[in-house]
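[1] Make a model of this:
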Amino acid sequence: MHFYFDLRGLLSLAKVLQLICVAASCVFGLLHASNDLPATKWSYNLGVDIWRLDPSVERDPAPWNAQNTNLLLANAVTKWDYKNTSPYITLAANKSLLNSTFLSLKAQANQTSGLRVDEAALQHHISPSLGVRAGVVNYKTSWCRTYEPDNGWIREAETICLTKSFNDVTGGAPGAQLFSSTTWGNYLIQNQIGIYRPLAFNYAPKEFGNYYPSPNYEVVRNKKIGVNINVVNLENALEGRLSYMRASQQAYLPEPEIRSDVPQTSNMWYWGLSAPITHKLNVRLTQLRQNQDLEFWPITDGEYRRVLDVAQRKKATTLELAYRFSSVDLLSVGISQTKFDTNKSFYSPQGIVVYREPPFYIQTKQFSAAWRHDWSNRMFGIVQIVLAQQRNGVDGFDFSSHGNAIGFRVGYQH
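    Model prediction:
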């Protein structure tokens, strides 16, 4: 088994980190200089991931022909060119401005997501139980562990956290949130409502779900609203989460032969339950459902006519177990199933459905297991195995593949 260290990638990432840190230090430093409040709280996590992939085929079988995208291994839909050895970093900071106001920053860089700012927001508490956020705010619709210091995964078992196909509902965007926190008996109840504008400041100019209507499509509208409810039992740490997000979007296709307007709506529901079985063992069950519906309206004879509807239905379910068998050792096991269904309906010039394609599906199942060990010098290591299989096609015509992977992470956190 041979591994090749990508020094150029590490140097590039180091430069990115330096720029982030310099910019953030300037902002937080200036704010700190204007008052006598405690210094900014920083945390960061950086290291190197090494993967050995063993898929049954080099490319997903037809009719979906991509580089093992459907297996959701480490080389699936990466933002940067995939390397078996690659660096990563996460950065988080909080700066108090006043007794009830602070600034927060969360950013990450890795080959899957690229360089991404997930949060750069100002938060103000109107009262002990009510507050607002504005800036780049996190949707908080999932339980992705990107910034958790005791994250036991290299690639999370919850598939919505590791593929760009779900970035539109698990990341963040420019917007504003109103949140509240109350107690009812032994329960802490946290609520949040937010409005989001991913096109603002050119934050996510190409975000349009995971269906790309043409090579040169332009997103001209992307507006979202989301609601979150989180409930925690203060006695036994049982926790539940329920989220909903709706998006209204529109793309323009500039290509002369298909020049069209493409409106799209998206509705997402997410729920999760986390429960401690013992003081060492915890179980978590999550599920996401998302419906995306878009229409094609090309100009025909000087006016717009609908010619095609595309309906996508996504479902992702994950079961995880985490067992801490010592203060420095954590064992995690996860099982997930992700399914995409796509239906297309074609219309006549009179607006009547003339043909419906057989439903096309992609289904991926994964089993993951990881062991994390922490050393006393803030260094840690993770070893993880992933077993994956996928099927895609239409009823009666299945194109399947399978694969496995083993990964190593050596990291440092502060």
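
[2] And K223, how far from N267?
    Going from K223 to N267 by C-beta to C-beta, to the nearest Å gives 14 Å. Every C-beta, even on glycine, is put in place using the N, C-alpha and C of the backbone.

[3] Now F166: phi and psi?
    Phi and psi for F166, reported as degrees, to the nearest 10, are phi -120, psi 10.

[4] beta partners for L242?
    Counting by DSSP bridges, L242 is bridged to I229, W271.

[5] Could you shift the numbering so residue one becomes 311, and keep it that way?
    Sure, I'll start numbering at 311, so the last one becomes L552.

[6] which residues touch it?
    By C-beta atoms under 8 Å, 6 or more residues apart in numbering, the residues touching L552 are 538-540, 580-581.

[7] Reformat those residues as JSON lines; add pLDDT and distance to L382.
    What follows is the contacts of L552, written out as JSON lines (pLDDT from 0 to 100; distance: C-beta to C-beta, whole Å):
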{"residue": "N538", "pLDDT": "96", "distance to L382": "26"}
{"residue": "I539", "pLDDT": "97", "distance to L382": "29"}
{"residue": "N540", "pLDDT": "97", "distance to L382": "27"}
{"residue": "Y580", "pLDDT": "97", "distance to L382": "18"}
{"residue": "W581", "pLDDT": "97", "distance to L382": "21"}
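
[8] Can you flag the buried ones in these?
    For the contacts of L552, a burial check counting by 16 or more other C-beta atoms under 10 Å picks out 538, 540, 580.

[9] For the closest residue to the first one other than its chain neighbours, give me its contacts.
    The spatially closest residue to N538, leaving aside those adjacent along the chain, is Q502, at 4.3 Å (C-beta to C-beta, 6 or more residues apart in numbering). With contact set as C-beta under 8 Å, 6+ apart, Q502 has these partners: 450, 487-490, 536-539.

[10] Let's see that with 6 Å instead.
    Residues in contact with Q502 (C-beta atoms under 6 Å, 6 or more residues apart in numbering) are 487, 489, 538.

[11] mind checking how far it is from R682?
    Going from Q502 to R682 by C-beta to C-beta gives 30 Å.

[12] what do you get for I695?
    For I695, the distance to R682 - C-beta to C-beta - is 13 Å.

[13] So for the two, which sits in the more crowded spot?
    A side-by-side neighbour count of I695 and R682, using other C-beta atoms under 10 Å, places R682 first with 23 against 13.

[14] In which helix or strand does the more buried one reside?
    R682 belongs to strand 670-684 when assigned by DSSP states H and E.

[15] Report the buried residues of that strand.
    By neighbour count on 16+ other C-beta under 10 Å, the buried set for strand 670-684 is 670-676, 678-680, 682, 684.

[16] again, but for stretch 379-398
    Buried residues in stretch 379-398, counted by 16+ other C-beta under 10 Å: 379-388, 390, 392-398.

[17] cool, stretch 663-670 as well?
    Neighbour-count burial for stretch 663-670 flags F670 (criterion: 16+ other C-beta under 10 Å).

[18] Quick one: mean pLDDT over it.
    Across stretch 663-670, pLDDT averages out at 89.

[19] got the contact list for it?
    By C-beta under 6 Å, 6+ apart, stretch 663-670 touches 651-658, 704.

[20] Render the CA-only coordinates of that stretch in PDB, please.
    Taking C-alpha atoms only, stretch 663-670 is exported to PDB below (Å, rounded to 0.1, in the frame of the first residue of the first chain):
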ATOM      1  CA  VAL A 663     -48.700  16.000 -20.200                       C
ATOM      2  CA  VAL A 664     -47.800  13.900 -23.200                       C
ATOM      3  CA  TYR A 665     -45.100  11.700 -21.700                       C
ATOM      4  CA  ARG A 666     -43.700  10.700 -18.300                       C
ATOM      5  CA  GLU A 667     -40.300   9.100 -18.100                       C
ATOM      6  CA  PRO A 668     -39.900   6.000 -15.900                       C
ATOM      7  CA  PRO A 669     -38.700   7.100 -12.400                       C
ATOM      8  CA  PHE A 670     -34.900   7.100 -12.100                       C
END
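
[21] quick one: it to chain centroid distance?
    Chain-centre distance of stretch 663-670: 31 Å, with C-alpha atoms, centre = their mean, to the nearest Å.

[22] Which member of the contacts of L552 is positioned nearest T610?
    Among these, Y580 lies closest to T610 (C-beta to C-beta), at 39.2 Å.

[23] Cross-check the contact I'm expecting between the closest one and L598.
    Yes: taking contacts as C-beta atoms under 6 Å, Y580 lies within contact range of L598: 4.7 Å.

[24] which ones are touching G357?
    Applying C-beta under 6 Å, 6+ apart, we find G357 in contact with 719-721.

[25] Apply 7 Å and report the result again.
    By C-beta atoms under 7 Å, 6 or more residues apart in numbering, the contact set of G357 is 398, 719-722.

[26] from these, which is closest to L408?
    Y722 (33.2 Å).

[27] Pull the number of nearby residues for the closest one.
    Applying other C-beta under 10 Å, we find 13 residues neighbouring Y722.

[28] now the angle from the host helix or strand of it to strand 670-684?
    Secondary structure assignment for Y722, by DSSP H and E: strand 707-723. Angle, strand 707-723 to strand 670-684, by axes from the mean of the first three to the mean of the last three C-alpha atoms, to 10 degrees: 20 degrees.

[29] how about strand 707-723: buried residues?
    709, 711, 713-715, 717-719, 721, 723.

[30] mind putting these in JSON lines, pLDDT included?
    Listed next are those as JSON lines, based on pLDDT from 0 to 100:
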{"residue": "F709", "pLDDT": "86"}
{"residue": "S711", "pLDDT": "91"}
{"residue": "G713", "pLDDT": "94"}
{"residue": "N714", "pLDDT": "96"}
{"residue": "A715", "pLDDT": "97"}
{"residue": "G717", "pLDDT": "98"}
{"residue": "F718", "pLDDT": "98"}
{"residue": "R719", "pLDDT": "98"}
{"residue": "G721", "pLDDT": "96"}
{"residue": "Q723", "pLDDT": "94"}
